[in-house]
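>>> Pasting the sequence and the predicted coordinates here, then a few questions.
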Amino acid sequence: MPISRRLLLTGGAALALTGCGSDTGRGDKGPGRPRLSHWYHQYGEAGTRQAVGRYAAAYDKADVRIEWRPGNYDQQTAAALLTDSGPDVFEVDGPTLDQIRGGQVTDLTALLDGVKDDFHHAVLAPKTWDGRVWGVPQAIDTQLLYYRRSLLEKAGVRPPRTLDELVDAAGRLTSGPVKGLFLGNDGGAGVLGGTPLYAAGLSLVTADGKPGFDDPAAARTLGKLHRLHAGKSLLLGAPADWSDPAALVQGLTAMQWSGLWALPQVKKALGDDFGVLPFPADGPAGKPAVPVGAYAAAVSARSARRKEAEAYVKWLWVDRTDHQEDFALSYGFHIPARTSLAAKAAKLKGGAAAEVVRFTTDHGYAQPLLWTVAARTAYQDALSRIIKDGADPERELKAVVRRTADELRRAGKKP
Amino acid sequence: MAAHGAQRRRRQALWFWAFTGPFVLGLALFTYVPLAWSVWLSFFDAHNTVSPTDFTGLDNYREVLGDPAFRSALGTFVLFTAFIVPATYVLSLGLALAVGRLRVAQAFFRSVFFLPTACSYVVAALVWKLSIFNGVRFGLANTVLGWFGAEQVAWLSTTDPPWYWLVLVTVRLWLQAGFYMVLFLAGLQRIPAQLYEAAAVDGARPGWQTFRHITFPALRATSVAVVLLLIVNAFQAFDEFYNLLSDARGYPPYARPPLVYLYYTALGQGQNLGLGSAGAVVLALVIAVVSVVQVRWFGLGRREA
């Protein structure tokens, strides 16, 4: 049959219409149910996407569509929240103070009625503003220091318990192409963030809303990080960055700062030839520091189905504890945000995993909500200059303290 | 007769708008409206909103101009431009002279040098980052250094010496030299052969003397256009900087051009659209002033004497 233009157009229109009507991804679940879109960033661990799809499919009060969004997720959600075409529910490494103050997310306090105390305090605190909760923590992620036991034993070095010992160990473990320590390809400025300050007994923002590092101890501690760089004991330019344990398992470095998620991979590659530590303490007021954070589920204030979206979040991240445990431990390796779940999870009961849970409980700190993006950028820039260029820590920190104080003043103002 | 003429003029106007209307509409919708909106936003406290209500006057301008990171970004741009413009100019002119002189396989070499232009900046930056200037052990540059027993270099992480500039500059040279070579080749072909013949009769030696007194002055119009394009392109530097130097945690404080600064300020979790807009307005003004000064200085578009 010859194909005429009319036939082609009719066929195209029919195809387009079919396309419009069949984009459910999981079949038709019947009319009358509200449709919700739920956005996730792209997880590296295999099976996570299918898992969240299964959870959504099991919810029978709404037709939940999962959007798995690779790329710059934070940029995507931030832009989408300005429009009406954004998600109803989305996970967020926040929400940020500006998102809360800008009225972009809804108040989820009521969802945690009766179970609020069961959520890990360190990760719930940054989701709380003005006594209200703006995101439900999903799973806790933390970072820690991995080291190769055999390499330390060979060099006669004990696992470092203080920052001075860490600097010394990194120097002694550096030999030829093998470096002592890997803190990321930028020398540690990005991933360490405020961790060295907490290790010095300080903080990013004090409880009464002041810069928490306006103290000589801060400059002294950060100055020590430059010694790592100047002594050429830091691995730089590794093929994979700090979040991937490749540098450690491939023998490029003896110690590496990485995430809890790397634990199964390290264990598989090194067996028992590794140990884990928190970031070591520095100075008389110092204490070990372990950064913790959590992606949270938030509801967009522009959603046309806010109530339904909130009910779904409550079902998924508060009521269905079986899903939460599965999400945290069956694919990647995270600590469930609910302390009762973390306490009974078999996978967290022994070995390095149990130690990490203890570090997190004893030394965990989360970036405060008042630590805004502008303050963080200024601090990370200063830290990079201190580590790599040997810039004067005192002068650099003075500028950051000023910037942070400005930001805190802005944040303190009523919108 | 007059009615017929009016009808023709009307029809012409109709066709004019039929052809140009969509583009004018697109230009207005996607360029002028956002531009005006951005100028408007720059006078407001616009954190996480594009419809702010808190008028702050010139505060955003004061803040962006007082931010050492923005000033350093402008400094990065000046440094980058000061190097990349003359380097690309010399390289592309050199290539054009060499290729233009070829008697055989000229088309082949023209294509070889021009082809990188078709490659995207993102792809080229990733090739440079992951294959050539990879840090330890695996990159091509370090493998070559290894043959000579030299120490491995973390090209993108080393600030002393600032090896990252070598990576940034070479990727851009590779990408754009071929394009400007083609412009120069076109310029060279427009120079009448009689000029060279007359010069030879007058005793001019071929080579440097001929180039300096004939070829180079005759390429003046092409040169002015090339330099202008190079400067505007350098101002718009973003792709290779971002893809070579950023990571999940942000961007190092060095080699951060203005567009990367604005990207982090106004997009992502920064979402300070007022401050970002003020920065964009400042940047647009700088580009406009530089372009106008350059055009007046070199006389772009002025009728050749």
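That came through, no problem. Residues are numbered from 1 along each chain as shown, chains lettered A, B, ... in the order given.
>>> going forward, measure contacts and count neighbours with C-alpha atoms only.
Noted.
>>> and the longest helix for chain B?
helix B:68-101 (DSSP state H).
>>> what's that one packed up against?
helix B:106-114, helix B:164-189, helix B:220-235, helix B:258-266 (3 or more C-alpha pairs under 8 Å, 6 or more residues apart in numbering or on different chains; DSSP states H and E).
>>> Next secondary structure after the longest one?
Tracing the chain C-terminally past helix B:164-189 and defining elements by DSSP states H and E, one meets helix B:193-201 next.
>>> what's the helix or strand that that following helix is followed by packed up against?
For helix B:193-201, the following helix or strand on the C-terminal side (DSSP H and E) is helix B:208-210. Using 3+ C-alpha pairs under 8 Å, 6+ apart, no helix or strand is in contact with helix B:208-210.
>>> Which residue is it, in the stretch 251-400 of chain A, that comes closest to chain B?
residue A:381 (5.1 Å; C-alpha to the nearest C-alpha).
>>> and the angle for the longest helix of chain B with helix B:164-189?
Here helix B:68-101 points in a direction 40 degrees away from that of helix B:164-189 (axes from the mean of the first three to the mean of the last three C-alpha atoms, to 10 degrees).
>>> buried set for helix B:68-101?
Burial within helix B:68-101, assessed by neighbour count using 16 or more other C-alpha atoms under 10 Å in any protein chain shown, is assigned to B:69-70, B:72-78, B:80-81, B:84-85, B:87-89, B:91-93, B:95-97, B:99-100.
>>> List of residues touching stretch A:119-138?
A:94-95, A:97, A:100, A:105-109, A:140, A:292-299, A:313, A:317, A:324, A:336-339, A:364-369 (C-alpha atoms under 8 Å, 6 or more residues apart in numbering or on different chains).
>>> That should have said stretch A:364-379, apologies.
Residues beyond stretch A:364-379 that count as contacts (C-alpha under 8 Å, 6+ apart) turn out to be A:96-97, A:122-123, A:125-129, A:193-194, A:198, A:204-205, A:209, A:289-293, A:397, A:400, A:403-404, A:407-408, A:411, B:269-270.
>>> hmm, which of the residues you listed are the buried ones?
A:96-97, A:122-123, A:125-128, A:193-194, A:198, A:204-205, A:209, A:289-293, A:397, A:400, A:403-404, A:407-408, A:411, B:269-270.
>>> Now go through these and say which are in helices.
If you go by DSSP H, these have A:97, A:122, A:123, A:198, A:397, A:400, A:403, A:404, A:407, A:408, A:411 in helices.
>>> Spell out which residues sit in contact with the last one, please.
Read it as residue A:411. A:97, A:370.
>>> Let me know whether residue B:109 touches residue B:99 as I believe.
Yes. Judged on C-alpha atoms under 8 Å, residue B:109 makes contact with residue B:99 at a distance of 6.8 Å.
>>> what does the stretch 101-250 of chain B put close to chain A?
B:130, B:134-136, B:138, B:153-160, B:249-250 (C-alpha under 8 Å from any C-alpha of the partner chain).
>>> Among these, which one is most surrounded by other residues?
residue B:135 (27 neighbours; other C-alpha atoms under 10 Å in any protein chain shown).
>>> How confident was the prediction at it?
On the pLDDT scale, residue B:135 is placed at 75.
>>> which secondary structure element contains it?
Residue B:135 belongs to no helix or strand, assigned by DSSP H and E.
>>> With adjacent residues omitted, what lies nearest to it?
residue A:237 (3.9 Å; C-alpha to C-alpha, 6 or more residues apart in numbering or on different chains).
>>> Do I have it right that that neighbour meets residue B:155?
Yes. The criterion here is C-alpha under 8 Å, and residue A:237 meets it with residue B:155 at 7.1 Å.
>>> Return every residue with contacts to both of the two.
B:134, B:135.
>>> dump the residue contacts of the residue in the stretch 1-150 of chain B that chain A sits nearest to.
Here the residue of the stretch 1-150 of chain B nearest chain A is residue B:135; by C-alpha to the nearest C-alpha that distance is 3.9 Å. Residues near residue B:135 by C-alpha under 8 Å, 6+ apart: A:236, A:237, A:238, A:239, B:142, B:152, B:153, B:154, B:155, B:156.
>>> Before we move on, what's the pLDDT of residue B:150?
Looking at residue B:150, its pLDDT reads 84.
>>> same question, residue A:29
The model reports residue A:29 with a pLDDT of 48.
>>> again, but for residue A:67
pLDDT at residue A:67 comes out at 95.
>>> for residue A:256, same thing?
98.
>>> Need the three-state assignment for it.
strand (DSSP: H, G, I helix; E, B strand; the rest coil).
>>> following the biggest strand by length in chain A, which helix or strand shows up next?
Of all segments of type strand in chain A, defined using DSSP state E, the longest is strand A:136-147. Using DSSP H and E, the next helix or strand after strand A:136-147 towards the C-terminus is helix A:149-154.
>>> Quick one: mean pLDDT for the helix or strand immediately after that following helix in the chain?
Moving toward the C-terminus from helix A:149-154, the next helix or strand (DSSP H and E) is helix A:163-173. Helix A:163-173 comes out with an average pLDDT of 97.
>>> Show me what helix A:163-173 is packed against.
Right, helix A:163-173 is packed against strand A:179-182, helix A:216-230, strand A:253-259 by 3+ C-alpha pairs under 8 Å, 6+ apart.
>>> from the ones you listed, which stretch is densest packed?
strand A:179-182 (a mean of 29; mean count of other C-alpha atoms under 10 Å in any protein chain shown).
>>> Remind me what that one packs against, helices and strands.
Against strand A:179-182 (3+ C-alpha pairs under 8 Å, 6+ apart) you get helix A:163-173, strand A:253-259.
>>> pretty sure residue B:156 belongs to a strand, no?
No. With three-state DSSP as the criterion, residue B:156 is coil rather than part of a strand.
>>> Distance check, the residue lying closest to it once chain neighbours are set aside against chain A.
Excluding the flanking residues, the one nearest residue B:156 by C-alpha to C-alpha, 6+ apart is residue B:164, at 4.5 Å. Distance of residue B:164 to chain A, given as C-alpha to the nearest C-alpha, to the nearest Å: 11 Å.
>>> Count the neighbours of residue B:164 for me.
Residue B:164: 21 neighbours (other C-alpha under 10 Å).
>>> check contacts around the most centrally placed residue in chain A.
Nearest residue to the geometric centre of chain A (C-alpha atoms, centre = their mean): residue A:293, 4.8 Å. Applying C-alpha under 8 Å, 6+ apart to residue A:293 gives the contacts A:93, A:123, A:140, A:141, A:142, A:366, A:367.
>>> Same check on residue B:163?
By C-alpha under 8 Å, 6+ apart, residue B:163 lies in contact with B:155, B:156, B:157.
>>> try it again with 6 Å
residue B:155 (C-alpha atoms under 6 Å, 6 or more residues apart in numbering or on different chains).
>>> what bits of the stretch 151-300 of chain B have low per-residue confidence?
For the stretch 151-300 of chain B, the stretches with pLDDT under 70 are B:268, B:299-300.
>>> can I have stretch A:362-371 written out in PDB, keeping just the CAs?
Presented in PDB, the C-alpha positions along stretch A:362-371 are these (Å, rounded to 0.1, in the frame of the first residue of the first chain):
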ATOM      1  CA  ASP A 362      28.800   8.800  69.900                       C
ATOM      2  CA  HIS A 363      30.500  11.300  67.600                       C
ATOM      3  CA  GLY A 364      28.000  12.000  64.800                       C
ATOM      4  CA  TYR A 365      27.400  15.600  63.800                       C
ATOM      5  CA  ALA A 366      25.200  17.000  61.000                       C
ATOM      6  CA  GLN A 367      25.700  20.300  59.200                       C
ATOM      7  CA  PRO A 368      23.300  22.700  60.900                       C
ATOM      8  CA  LEU A 369      20.400  24.100  58.900                       C
ATOM      9  CA  LEU A 370      21.800  27.600  59.400                       C
ATOM     10  CA  TRP A 371      25.000  26.700  57.600                       C
END
